[in-house]
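A.B. asks: Pasting the sequence and the predicted coordinates here, then a few questions.
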Number of protein chains: 2
Amino acid sequence: MVNRELLDAAEVLLLPEFLLLPDGPVRDHAVVVADGVFRAVGPAAEVVAAHRELDPVRLDGRLLMPGFVDAHHHLTQSFGKSLAFGEPSEIFRRIWVPLEGALTEENAYVAAKLAALEALRGGFTTVSEAGTRAPVDVGVVAAATQDAGIRCVLGRVCDGPDEEHLARWADSPLVHPSLAIPIPEAAPDGVLRDVSRLCAEAGAVFQIHVNEHLASVERSLEAHGRRPLEHLHEIGALGPQVLAAHATLLTPTEVRLLADTGAAISYNPVASGWKGNAVAPAELLSVLGVRFGLGTDGTRGDAFRLVDAAELAQRLGFGLSSGDSSCGGGWTWLEHATALGADAVGLGGFTGEIAVGRAADFLVVDLQVPELCPSWDLSWELVRLANRDQIAAVFVGGRLRLWRGWPIGWDGPELVAQAAKMAREVVERAPLRRIHPVSVEHRSRVSTGIGGRA
Amino acid sequence: MVNRELLDAAEVLLLPEFLLLPDGPVRDHAVVVADGVFRAVGPAAEVVAAHRELDPVRLDGRLLMPGFVDAHHHLTQSFGKSLAFGEPSEIFRRIWVPLEGALTEENAYVAAKLAALEALRGGFTTVSEAGTRAPVDVGVVAAATQDAGIRCVLGRVCDGPDEEHLARWADSPLVHPSLAIPIPEAAPDGVLRDVSRLCAEAGAVFQIHVNEHLASVERSLEAHGRRPLEHLHEIGALGPQVLAAHATLLTPTEVRLLADTGAAISYNPVASGWKGNAVAPAELLSVLGVRFGLGTDGTRGDAFRLVDAAELAQRLGFGLSSGDSSCGGGWTWLEHATALGADAVGLGGFTGEIAVGRAADFLVVDLQVPELCPSWDLSWELVRLANRDQIAAVFVGGRLRLWRGWPIGWDGPELVAQAAKMAREVVERAPLRRIHPVSVEHRSRVSTGIGGRA
């Protein structure tokens, strides 16, 4: 076993059994981490020879790989969790907006920190926060993610070009500002265009939800004669600065629009499963060069299960009917969850890869488990077989943040206990409207159906 | 933290925070485990009062729930693993049969024990083994599962009514014999009928793969003018003793046949995703009263991810298009993975439930993790959010078999190391035929495709 203290150093030379580079896993490679970045990456002998001052830390039986990027999250919704299970589409109207509306600043801080802890435990080193609708300063979300130690693309919901937010985080190494308008319907066309253009000028990401539910697509058709993505394009709001959440309901024309404008989307397969109307045609988008990352949408902060779901949803949604047995060959989903996810959230070239100069956002993953024995195809095994319990260590910005699932330097279990208590108070006063009761109660009502087991 | 030694006793009274009963989770309940079974189950005060001689073991923050039943496994295929990823349908012809054919008895023992260890780590306390095609005495598979400590419905591939196998395991509390013919094409009609009828008379399960791939359905149509399930029915081989693997390609007539004959199937959603041609209409089958369990088919020995996939595959395959947002409400998949799975593999009333007299096959699951905080709907959270790393303890037949993912009384890591080495030797000499190279190599060949990222 590796000594945790050896990893938690200002400068460290790591010799993992495998290193996951952009083209795949390699043996006999080493990295040097210092000042928050990878200072060296290369063949072990060369790296060791060039850094005689450092004692190499061997990570036998372990993989060093990029941390995952969650391209779509709502950090302050974490008190809701299973309250949304089984609810029909557009849950934001009945659950999320009322829930966020009931949050105090302290509540929002705890909720966001809980979500950040889950994300880190699940292997994410970056989350893209789509913008809280809680009536709080977005600074509490920034504080929560910084205190938890996760990198955050911090969307702020705005009603106009918010230059202040974009300038506010220059001194925060883990916070990357972004502007957000929840859905196209939420702002006049001019505001949508101006906010999107400001983001383009400032090098920030403009976050918006589009083409997720049939109801909203049809409202857009009724209001504008155009579908949401078509409408954003028509008013001049679509471009490479856009990070459009979901985009599950795409016409061939809209696929073409994404490819031609360079806009990015978040492919959120678990969200499709839990509350969507469709699955984004992600394998097609990948082949056509449409930019996208993978997002949880706050469903489940587990990166390995997210890449697994990303592949499974393509197989079930598209591959079964076309006889496509591989649907991206595993690596497609790893790439879109790491380097290409970083690109989608505006951090391309900054994180998402093990490469010199990139932020040292990475995982140390145990390989000596029954599930990966024997190993024939490590990349694909990470997609289908790996589990968060194999994540020994999570580093963000070169610092050890999690060890064996629990944080370094702050009290994870205490936060969980605090959140459990606080969530009940919040939900009690929030004007939520659920269509169904929770499942145990619902079951007792329907168990007289056909076959006795509806 | 609970002391492991307290759990590993001949007779023990357990007071978990939640107990998962057939109708859902309850608080303030206790169980007494003795002689391999639940001797008492009920309100905590009553159980404690009736067992003054026992010191109650409190399991605060923990759930006690039935162990999962894997209704379809191929234990001796565990050396293949990712070699089958992305391969087109009917992989058994090119990978599994040649691989199993190359196994010695020692190889088969190690492969089966590795699979059993994975299954236990993933929360399964029973596996239904569909019958190895390795040229070995099936006793080595029995030995492996017994030594690992998992309950096994042990299929033996036979070429006629094999009364000897059905009688051989009377003294083995963890082995439940079953007869198997891999596919209808593998035996004459008379043999299929006679083997199936012997199973019916002996109270054993007859295992066979049906209606999994389009190719085999069409071969059956060509040979008999009937689809595989129709053919089994026609020749008198279909009945409640049948456990038919997959049955993904079902006509409405075949759905009706299953319901009318009482035959059971294994619903194997991960196998559909990885190498199937379709997803079984499991929610429909459940409502119509068709008997089924959930199976891994050896894909991934993780029960929580199996129930998650079971729900997700129904949502993506059926619920999205019909606007069914709940697809079984979570509990459906828990039931089919426990009590109804036990029924499907011929162990109904014997395991799969926390009830007096049932085999004490159960899990102790940590609930105090960020992912289950706050908890609003525990049953459904188990389906969508729970992870194998929450399984603190696995009991089979009243004995503690796994603690924190590793076995009690034998050396798990040593087995893993042995299997890793042995698997390479076996695969080297087995005449496997893969259509594609492994993904890293494949990727380097195709990366010049459209968009540079095929």
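C.D. replies: Nice, thanks for sending it over.
A.B. asks: Look up phi and psi at the residue positioned nearest the centre of chain A.
C.D. replies: Residue closest to the mean C-alpha point of chain A, counted by Cα atoms, centre = their mean, is A:Asp70 at 1.1 Å. Phi and psi for A:Asp70, reported as degrees, to the nearest 10, are phi -90, psi 110.
A.B. asks: That one against A:Thr296, yeah?
C.D. replies: Yes. The pair A:Asp70 / A:Thr296 is scored as a contact, 5.2 Å apart, by Cβ atoms under 8 Å. Where C-beta positions appear, they are placed from N, C-alpha and C, glycine not excepted.
A.B. asks: Between these two, which contacts overlap?
C.D. replies: A:Ala119, A:Leu306 (Cβ atoms under 8 Å, 6 or more residues apart in numbering or on different chains).
A.B. asks: Quick one: the helices in the stretch 251-400 of chain A, in order.
C.D. replies: Along the stretch 251-400 of chain A, the segments classed as helices by DSSP state H, counting those that start in this stretch run A:252-261, A:269-275, A:282-287, A:303-314, A:320-322, A:331-337, A:339-344, A:378-384.
A.B. asks: so what's the residue nearest to the centre of chain A up against?
C.D. replies: Taking Cβ under 8 Å, 6+ apart, we find A:Asp70 in contact with A:119, A:124, A:126-128, A:293-296, A:301, A:303, A:306, A:341.
A.B. asks: Any idea what it is bridged to?
C.D. replies: A:Val127 (DSSP bridges).
A.B. asks: now A:Val26
C.D. replies: Counting by DSSP bridges, A:Val26 is bridged to A:Leu19.
A.B. asks: How much space separates the closest residue to A:Asp162 other than its chain neighbours from A:Pro173?
C.D. replies: Distances taken as Cβ to Cβ, 6 or more residues apart in numbering or on different chains put A:Leu179 closest to A:Asp162, at 5.7 Å, once the chain neighbours are dropped. Going from A:Leu179 to A:Pro173 by Cβ to Cβ, to the nearest Å gives 20 Å.
A.B. asks: what do you get for A:Ala102?
C.D. replies: For A:Ala102, the distance to A:Pro173 - Cβ to Cβ - is 32 Å.
A.B. asks: quick one, which of the two is more surrounded?
C.D. replies: The residue with more neighbours, out of A:Ala102 and A:Pro173, is A:Ala102; 19 against 14, by other Cβ atoms under 10 Å in any protein chain shown.
A.B. asks: Can you pull the phi and psi angles for that one?
C.D. replies: According to degrees, to the nearest 10, A:Ala102 has phi -90, psi 0.
A.B. asks: which ones are touching the closest residue to it other than its chain neighbours?
C.D. replies: Leaving aside its sequence neighbours, A:Ala102 sits nearest to A:Ala430 (Cβ to Cβ, 6+ apart; 3.6 Å). Applying Cβ under 8 Å, 6+ apart, we find A:Ala430 in contact with A:Pro98, A:Leu99, A:Gly101, A:Ala102.
A.B. asks: Read off the pLDDT value for the first one.
C.D. replies: It stands for A:Pro98. In this model, A:Pro98 is scored at 97, pLDDT.
A.B. asks: State whether it is indeed within a helix.
C.D. replies: Yes. Counting by DSSP: H, G, I helix; E, B strand; the rest coil, A:Pro98 is part of a helix.
A.B. asks: ok, residues contacting the helix or strand of chain A with the lowest mean pLDDT?
C.D. replies: Counting by mean pLDDT, DSSP states H and E, the weakest-scoring helix or strand in chain A turns out to be helix A:439-446, with a mean of 81. For helix A:439-446, contacts defined as Cβ under 8 Å, 6+ apart pick out A:85-86, A:436-437, A:454, B:23-25, B:329-331, B:377-380.
A.B. asks: Check stretch A:41-59 too.
C.D. replies: With Cβ under 8 Å, 6+ apart as the criterion, stretch A:41-59 contacts A:2, A:6-7, A:11-17, A:19, A:21, A:28-32, A:40, A:354-356, A:364.
A.B. asks: mind running it again at 6 Å?
C.D. replies: Applying Cβ atoms under 6 Å, 6 or more residues apart in numbering or on different chains, the contact partners of stretch A:41-59 are A:6, A:13-16, A:28-32, A:40, A:354-356.
A.B. asks: same question, stretch A:106-122
C.D. replies: Under Cβ under 6 Å, 6+ apart, the answer for stretch A:106-122 is A:70, A:75-76, A:78-79, A:127, A:134, A:136, A:140-141, A:144-145, A:148, A:150, A:301-303, A:388, A:394, A:401-402, A:405, A:412, A:415, A:418-419, A:422, A:426, B:370-371.
A.B. asks: follow-up on the earlier one: quick check on the contacts of A:Ala430: which are buried?
C.D. replies: Among these, those scoring as buried are A:Pro98, A:Leu99, A:Ala102 (criterion: 16 or more other Cβ atoms under 10 Å in any protein chain shown).
A.B. asks: From these, pick the one nearest B:His336.
C.D. replies: A:Leu99 (32.0 Å; Cβ to Cβ).
A.B. asks: Look up how far B:Val287 lies from that closest one.
C.D. replies: Taken as Cβ to Cβ, the span from A:Leu99 to B:Val287 is 32 Å.
A.B. asks: Could you tell me the model confidence score at the residue nearest to A:Ala102?
C.D. replies: At A:Ala430, the pLDDT recorded in the model is 96.
A.B. asks: repeat for A:Ala102
C.D. replies: 98.
A.B. asks: cool, A:Leu6 as well?
C.D. replies: A:Leu6 is given a pLDDT of 85.
A.B. asks: now the closest residue to it other than its chain neighbours: how far from chain B?
C.D. replies: Leaving aside its chain neighbours, A:Leu6 sits nearest to A:Val57 (5.0 Å; criterion: Cβ to Cβ, 6+ apart). Distance check for A:Val57 against chain B: by Cβ to the nearest Cβ, to the nearest Å, it reads 21 Å.
A.B. asks: Bridged to A:Val57, which residues?
C.D. replies: The partner residues for A:Val57, given DSSP bridges, come to A:Leu14.
A.B. asks: Can you pull the domain assignment for chain A?
C.D. replies: Domain segmentation of chain A under automatic domain parsing yields A:4-65+A:354-407, A:68-344.
A.B. asks: looking at these, which is buried most?
C.D. replies: domain A:68-344 (a mean of 23; mean count of other Cβ atoms under 10 Å in any protein chain shown).
A.B. asks: Now do that one: distance from first to last residue.
C.D. replies: This stretch, domain A:68-344, spans 13 Å end to end (Cα to Cα, to the nearest Å).
A.B. asks: same check, this time on stretch A:230-244
C.D. replies: 12 Å.
A.B. asks: List the contacts of that stretch.
C.D. replies: Contacts for stretch A:230-244 (Cβ under 6 Å, 6+ apart): A:184, A:189, A:192-193, A:196, A:199-200, A:205-208, A:210, A:220, A:224, A:226, A:257, A:261-265.
A.B. asks: Out of the buried ones among the contacts of A:Ala430, which comes closest to chain B?
C.D. replies: A:Leu99 (11.5 Å; Cβ to the nearest Cβ).
A.B. asks: which residues touch that closest one?
C.D. replies: A:Gly80, A:Ala430.
A.B. asks: quick one: A:Gly61 is in a strand?
C.D. replies: Yes. Assigned with three-state DSSP, A:Gly61 falls within a strand.
A.B. asks: Please verify my assumption that it contacts A:Val365.
C.D. replies: No. Counting by Cβ atoms under 6 Å, A:Gly61 stays clear of A:Val365, with 9.8 Å between them.
A.B. asks: any idea how far the closest residue in space to A:Phe304 that isn't next to it in sequence lies from chain B?
C.D. replies: Leaving aside its sequence neighbours, A:Phe304 sits nearest to A:Ala386 (Cβ to Cβ, 6+ apart; 4.7 Å). Distance, A:Ala386 to chain B, using Cβ to the nearest Cβ: 10 Å.
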